[in-house]
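Asker: just to be clear, the model below is a prediction. Sequence and coordinates:
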Amino acid sequence: MDRLVLFDADLRDPASVNSIIEQAKPDWIFHLAAQSYVQDYDEMFPATSWGHRYWPFLTAPYIGGKPANFNQAAGNIYVCASNKTTPQLISGPNNIWPEPATSWGLVRLPNGQIPYWCTYAINEHVPDEWPALGSWQAPAESFLFLEGSDSDIEGDECDEVLFAHNDGLNITFIDGHAKWRKAEFANNDPTVSANWIYPPAGGGGMNDRGPWTAPDHD
């Protein structure tokens, strides 16, 4: 079933709307790719540790054209140019080398590491606990992708959130809409995860609540 992808920007400065929409386009594309994946896999998002570690490579085939060169930031649809970051390293490189890593276009360094570029993160609770689309009771309020310095994120990792767009970030939700939200944190210190107000900090794992988890939206 096709799902409508919406954009809702909570911006007081109308002049910045077009810029934010342009930056949000990759989030829309990721969501559409994820929904296409879901349709092919019996209403299931990428699941388990395989899903939360490798979701960019699993969703890339569903993006029309050449989606990315994961070995560089330039021209990579999985990298927002506004976010200044460094390449990530594959967790457990031996698990995917030589295949499927080489088919994903990845290159292994002499030290055994496999770097790749990505500035978006999947909500870890999607692949880890609730990969079934139907398990999300409030899909319009539940995180799917956020901008982040790691490819997976949960409530005790809010210090990994990237917010280079007018002090905010683009978020895609389970139901198919993408939205800009201002980053909010206490003590003027986003480097401490517990300081985060939005996205809301949590205890991680099953201690998370609200938009991080499927059955509980306190």
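Answerer: Received, thanks.
Asker: what number of residues lie near Pro200?
Answerer: As a burial measure, Pro200 scores 16 neighbours (other C-beta atoms under 10 Å). The C-beta positions use only the backbone N, C-alpha and C, and glycine is treated the same way.
Asker: when you give positions from now on, start the count at 14
Answerer: Got it, first residue is 14 now, which makes that one Pro213.
Asker: that one contacts Gly223, doesn't it?
Answerer: Yes: at 5.4 Å, Pro213 and Gly223 qualify as touching, with contact defined as C-beta atoms under 8 Å.
Asker: which residues of this protein score low on pLDDT?
Answerer: Residue ranges of the chain with pLDDT under 70: 14-41, 77-81, 229-231.
Asker: can you show me the strands along it?
Answerer: For the chain, applying DSSP state E gives strands covering 19-22, 101-102, 128-129, 133-136, 156-160, 165-166, 181-186, 190-195, 197-198, 209-211.
Asker: redo those as TSV? Include mean neighbour count and distance to Asn84.
Answerer: Listed next are these as TSV, based on neighbours: other C-beta atoms under 10 Å; distance: least, C-beta to C-beta, whole Å:
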stretch	mean neighbour count	distance to Asn84
strand 19-22	16	30
strand 101-102	14	12
strand 128-129	21	7
strand 133-136	27	17
strand 156-160	25	21
strand 165-166	24	20
strand 181-186	24	24
strand 190-195	20	27
strand 197-198	18	33
strand 209-211	17	31
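Asker: can you pull the contacts of the residue lying closest to Gly161 once chain neighbours are set aside?
Answerer: Distances taken as C-beta to C-beta, 6 or more residues apart in numbering put Ala134 closest to Gly161, at 3.3 Å, once the chain neighbours are dropped. Counting by C-beta atoms under 8 Å, 6 or more residues apart in numbering, Ala134 touches 158-166, 173.
Asker: now flag whichever of those is closest to Asp141.
Answerer: Comparing the contacts of Ala134 against Asp141 with C-beta to C-beta places Asp165 closest, at 8.5 Å.
Asker: what's the spacing between that closest one and Gly88?
Answerer: Separation of Asp165 from Gly88 (C-beta to C-beta, to the nearest Å) stands at 24 Å.
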